[in-house]
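Student: coords below, sequence missing:
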């Protein structure tokens with residue numbers, strides 16, 4: 001299943017300015033906040049994660065008929081590498097039970113951030129090692 005979302009970076013900047021830490025703690029995990037704060041301007045990073053969470057919510061709903069909460073999704077990054085998404089808790093266990101995983105792609109430019117999420121079946125290596 002596939003999900004996509006686009007968000008205005010300015011919308012995230014205004015939420016951050018208006019609600020500060022309360023906004024961050026309501027939407028993002030500690031590791032997401034720490035990672036985004038390593039950038040000179042954390043807003044595009046935060047916006048891309050917002051879009052990724054929305055995209056994952058849409059893809060997950062198509063399979064399981066359940067709307068995830070933002071904090072149930074963690075979008076992890078490492079500079080120079082593609083981001084990854086993890087669904088936390090029993091919903092993440094549900095994915096594992098069905099041999100599924102989430103793959104995402106993030107992009108941002110000056111005004112917008114966008115993300116695509118796809119939930120796909122995990123490939124099982126032919127040698128039986130997982």
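Tutor: Structure received. Fair warning: this is a prediction, and the values are worked out from it, not measured in the lab.
Student: rest of the way, CA atoms for contacts and neighbours
Tutor: Noted.
Student: count the neighbours of the closest residue in space to residue 104 that isn't next to it in sequence for me.
Tutor: Distance criterion Cα to Cα, 6 or more residues apart in numbering; nearest residue to residue 104, sequence neighbours excluded, is residue 117 at 4.3 Å. Neighbour count for residue 117, taken as other Cα atoms under 10 Å: 27.
Student: any idea which element residue 117 lies in?
Tutor: For residue 117, the host element (DSSP states H and E) is strand 112-121.
Student: flag every buried residue along that strand.
Tutor: Of the residues in strand 112-121, those buried by neighbour count under the rule 16 or more other Cα atoms under 10 Å are 112-119.
Student: ok, that strand: who's next to it in the sheet?
Tutor: Paired neighbours of strand 112-121 in the sheet (DSSP bridges): strand 2-8 (antiparallel), strand 100-108 (antiparallel).
Student: what's the local residue count around residue 59?
Tutor: 23.
Student: buried set for the helix or strand hosting it?
Tutor: Residue 59 belongs to helix 43-64 when elements are defined using DSSP H and E. Buried residues in helix 43-64, counted by 16+ other Cα under 10 Å: 43-60.
Student: touching, residue 15 and residue 23? I think so.
Tutor: Yes: using Cα atoms under 8 Å, residue 15 is in contact with residue 23, at 6.8 Å.
Student: returning to that earlier point: measure how the strand holding residue 117 sits relative to helix 43-64, angle-wise.
Tutor: Taking axes from the mean of the first three to the mean of the last three Cα atoms, to 10 degrees, one finds strand 112-121 and helix 43-64 inclined to each other by 30 degrees.
Student: pLDDT on strand 112-121, on average?
Tutor: In this model, strand 112-121 has a mean pLDDT of 98.
Student: got a list of contacts for it?
Tutor: Contact with strand 112-121 is made by 1-9, 44, 47-49, 51-52, 55-56, 59-60, 98-108, as judged by Cα atoms under 8 Å, 6 or more residues apart in numbering.
Student: check contacts around residue 20.
Tutor: If a contact means Cα under 8 Å, 6+ apart, then residue 20 has no contacts.
Student: that one and residue 74, how far apart?
Tutor: Distance, residue 20 to residue 74, using Cα to Cα, to the nearest Å: 19 Å.
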